[in-house]
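**Student:** sequence unknown, structure follows:
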DNA sequence: CGCTCTAATGCTACAATGTTGCATCAATGC
DNA sequence: GCATTGATGCAACATTGTAGCATTAGAGCG
């Protein structure tokens, strides 16, 4: 089960880890592969569930640290979802800076590969620009069809 | 005590509350005035501190609920800061949709009134657009001058 | 293969942020 | 002043994320 993705998997998890001077552990491999397989950013919780499903024994803290390391190494990146939990996705060279869509009904986050994240940051003097995060809010295709009620929460 | 702000206060807190069919309480008034006085979005914590400083007795939960109500009524709006805490600001008619800048060093959030939040949301079919949140990351004027080290966290 | 070194892990404990339930208080309308 | 009920305050809990530390297990080497 690794052929039907819109996002081609560039490097193997093992290669990525070694290339960044880290140790190859089951947790890191599983986390990277889970992220690579997913079409949208995942939360700690979702990644943890995926590891459980795959029978990978892991600790909550270990998962946090594995993700922290991936972000530090530039392998993955964090985005601030609509809720107060981080979400993670593999950093792909092709569509590195894209916007995200947050469904205010189901909480799902979708990558908008076509929408670039940052246009022209006209910042005040003295400010140093690093990156932009563009999150569109609304209802996704599934939720939108069911009619929008009671909005976000 | 309401003259030296860059953002002119449109309506009095009392008027705003009554207009939305709510009861005028000391907590709500203080929260609204605090937000109106601030040039940038505030977190629960910061608002709580402001109430304390003003001698307004209040409960943490009450503050959460007051803010929740303000957002429901459209008086205030929430933005997802870089950290996992919400930040709040008064919704102003003039610059309703502006971007925000998050300093990854000091955590401060600044309103970029000049930068519009959303250009052209070309969403996939079936998606319903509600609003956009554009957050630029980097170092603010104060932090940038001190040189950037150890990046975000 | 066995040994060493230390990066990662897996606890436990804790901090910060946010929510729920319920009894009490007080703003509003009469 | 009195009743009604929205708003508060408190306690208890849920979720998300961190810190400290002993133990485990990758990776390199003889």
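**Tutor:** Alright, I've got the coordinates. The structure displayed is predicted, hence computed values, not measured ones.

**Student:** do stretch A:37-47 and chain B meet at all?
**Tutor:** No - Stretch A:37-47 lies out of reach of chain B by Cβ under 8 Å from any Cβ of the partner chain, never closer than 11.3 Å. No exception for glycine: its C-beta is placed from N, CA and C like everyone else's.

**Student:** What average pLDDT does that stretch get?
**Tutor:** Per-region confidence: stretch A:37-47 scores 94 on mean pLDDT.

**Student:** same thing with stretch A:79-95?
**Tutor:** Here stretch A:79-95 scores 81 as its mean pLDDT.

**Student:** Name all residues that make contact with the residue most central in space within chain A.
**Tutor:** Nearest to the geometric centre of chain A sits residue A:89, at 2.3 Å (Cα atoms, centre = their mean). The contact partners of residue A:89, by Cβ atoms under 8 Å, 6 or more residues apart in numbering or on different chains, come to A:35, A:38, A:40, A:41, A:42, A:76, A:77, A:79, A:111.

**Student:** What about these, which are in strands?
**Tutor:** A:42, A:76, A:77, A:79, A:111 (DSSP state E).

**Student:** and the fourth one, what are its bridge partners?
**Tutor:** Residue A:79 has the following beta-bridge partners by DSSP bridges: residue A:87.

**Student:** So what are the sheet partners of the lengthiest strand in chain A and their directions?
**Tutor:** Criterion DSSP E: the longest strand present in chain A is strand A:128-139. When pairing is defined by DSSP bridges, strand A:128-139 lines up against strand A:98-103 (parallel), strand B:128-139 (antiparallel).

**Student:** Among the contacts of residue A:89, name the buried ones.
**Tutor:** Applying 16 or more other Cβ atoms under 10 Å in any protein chain shown to the contacts of residue A:89, the neighbour count classes A:35, A:38, A:41, A:42, A:76, A:77, A:79, A:111 as buried.

**Student:** Make CSV from those residues and add distance to residue A:99 to it.
**Tutor:** What follows is those, written out as CSV (distance: Cβ to Cβ, whole Å):
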residue, distance to residue A:99
A:35, 19
A:38, 17
A:41, 12
A:42, 17
A:76, 18
A:77, 13
A:79, 10
A:111, 8
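
**Student:** Among those, which one lies nearest to residue B:72?
**Tutor:** Taking Cβ to Cβ as the measure, residue B:72 lies nearest residue A:79 of the buried ones among the contacts of residue A:89, at 25.9 Å.

**Student:** Just the pLDDT at residue A:123, thanks.
**Tutor:** 85.

**Student:** which one of the buried ones among the contacts of residue A:89 is nearest residue A:27?
**Tutor:** residue A:35 (12.6 Å).

**Student:** Spell out which residues make up each domain of chain A.
**Tutor:** A:8-93, A:95-153 (automatic domain parsing).

**Student:** From the chain's centroid, how far away is the last one?
**Tutor:** Meaning domain A:95-153. Centroid separation between domain A:95-153 and its chain, computed with Cα atoms, centre = their mean, to the nearest Å, is 13 Å.

**Student:** Many thanks, have a good one.
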